[in-house]
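Enquirer: got a structure for you, letters missing:
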Ligand SMILES: NC(=O)c1ccc[n+]([C@@H]2O[C@H](COP(=O)([O-])OP(=O)(O)OC[C@H]3O[C@@H](n4cnc5c(N)ncnc54)[C@H](OP(=O)(O)O)[C@@H]3O)[C@@H](O)[C@H]2O)c1
């Protein structure tokens with residue numbers, strides 16, 4: 001196959017999945033099949049085929065994935081933990097050569113991913129794909145989602161736009177990588193548009209197979225909370241003195257949040273995740289800024305440079321579109 005034509009995607013109407021589907025359809029190169037639960041009420045966009053599955057009946061997953069070149073998983077983070085394992089096992093049985101697993105955030109091998117309670121589950125999926133030996137994985141590392149994390153709740157990037165307050169982790173100067181949903185959609189579509197293998201030994205063009213069993217690091221912005229704050233001030237036409245500003249040590253905020261989580265409060269998870277992501281650079285643990293250590297594949301994939309203030313403005317003006325309860 002020259003490139004991966006038959007794409008199966010889980011979460012075709014989900015937060016990030018719908019942007020991936022939009023870009024895949026725009027590329028016009030793929031047949032896109034939404035793998036969706038029989039119990040789902042999702043209404044799929046035109047041009048997308050539908051394969052209904054029941055995660056308790058493995059054969060429905062295998063049938064849905066037969067003949068597909070790649071499975072892209074964008075599954076709700078709180079889906080039962082074995083759901084993704086069932087999918088990758090079905091992908092192996094159906095002979096799907098590539099799997100892009102759930103992730104869309106941290107590098108699963110970074111200590112922050114373990115501290116944020118996500119690394120072990122992500123690595124278990126990758127390990128299972130490797131054990132089964134039928135599919136290769138390609139994992140997308142995007143950092144936190146930009147607009148989503150900026151609006152909605154101060155437990156993410158620290159901003160409460162409605163009440164004009166911001167909590168800075170430490171001094172607010174830890175730089176992190178963060179990505180828009182648009183850029184994530186483009187990153188996946190650009191990767192899947194690559195030809196799979198080199199034409200011959202002299203062909204040094206970028207191929208999809210060169211990403212086998214690797215992370216793809218990409219991002220929209222590499223910024224601090226203070227950068228975001230300046231951008232928010234420009235977007236809202238407000239001044240610093242209009243805002244209530246507080247500072248909290250990221251490690252203290254992380255520890256208190258973990259205690260909350262252990263008491264069964266779901267806010268604890270979100271608060272811990274973001275506080276951990278903003279640990280100071282050079283602290284030995286690093287922050288959610290992966291660009292200095294891994295570089296980015298933005299240029300290799302041909303991703304555009306986005307306008308930071310423009311995206312902040314979109315987030316502020318259309319904040320309801322990005323709000324979710326977790
Ligand atoms: N980087 C970040 O800042 C960030 C933030 C949030 C999430 N994430 C990550 O992004 C990934 C996708 O999250 P998302 O917010 O896009 O997901 P989502 O919109 O909440 O859900 C995606 C899809 O999952 C399916 N689903 C829902 N409940 C399910 C269940 N119980 N069992 C099986 N499937 C179920 C649904 O598809 P159907 O209805 O079609 O079956 C749904 O459309 C997750 O790995 C999450 O950790 C990253």
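Expert: Nice, I can see it. Please read these numbers as outputs of a predicted model, since none were measured by experiment.

Enquirer: doesn't residue 6 make contact with residue 67?
Expert: Yes - between residue 67 and residue 6 there is a contact under C-beta atoms under 8 Å: 6.0 Å. (Glycine included, C-beta is placed from N, CA and C.)

Enquirer: Between those two, which is the more surrounded one?
Expert: Counting neighbours by other C-beta atoms under 10 Å for residue 67 and for residue 6 shows that residue 6 has the greater number, 18 against 14.

Enquirer: do you know how far the more buried one is from residue 78?
Expert: 29 Å (C-beta to C-beta, to the nearest Å).

Enquirer: and what of residue 238?
Expert: 35 Å.

Enquirer: Neighbour count: those two, which is higher?
Expert: More neighbours surround residue 238 than the other of residue 238 and residue 78, with 13 against 9 (other C-beta under 10 Å).

Enquirer: ok, residue 92 touching residue 134?
Expert: Yes - using C-beta under 8 Å, residue 92 is in contact with residue 134, at 3.9 Å.

Enquirer: Between the two, which has more neighbouring residues?
Expert: Each of residue 92 and residue 134 has its neighbours counted (other C-beta under 10 Å); residue 92 has more, 19 against 16.

Enquirer: who's in contact with the more buried one?
Expert: 129, 132, 133, 134, 135 (C-beta atoms under 8 Å, 6 or more residues apart in numbering).

Enquirer: Turn those into JSON lines, including secondary structure and pLDDT.
Expert: Shown next, in JSON lines, are these (DSSP: H, G, I helix; E, B strand; the rest coil; pLDDT from 0 to 100):
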{"residue": "129", "secondary structure": "helix", "pLDDT": "98"}
{"residue": "132", "secondary structure": "helix", "pLDDT": "98"}
{"residue": "133", "secondary structure": "coil", "pLDDT": "98"}
{"residue": "134", "secondary structure": "coil", "pLDDT": "98"}
{"residue": "135", "secondary structure": "coil", "pLDDT": "98"}
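
Enquirer: are any of these buried, and which?
Expert: 129, 134, 135 (16 or more other C-beta atoms under 10 Å).

Enquirer: any idea how far residue 82 is from the second one?
Expert: Meaning residue 134. Taking C-beta to C-beta, one finds residue 134 at 19 Å from residue 82.

Enquirer: Please apply the same query to the first one.
Expert: Noted for residue 129: a distance of 15 Å to residue 82, by C-beta to C-beta.

Enquirer: Report the secondary structure state of residue 33.
Expert: strand (DSSP: H, G, I helix; E, B strand; the rest coil).

Enquirer: pLDDT score assigned to the residue of the stretch 1-150 of the chain found nearest the ligand?
Expert: Among all residues of the stretch 1-150 of the chain, residue 14 sits closest to the ligand, at 2.7 Å; criterion: C-beta to the nearest ligand atom. Reported pLDDT at residue 14 in the predicted model: 96.
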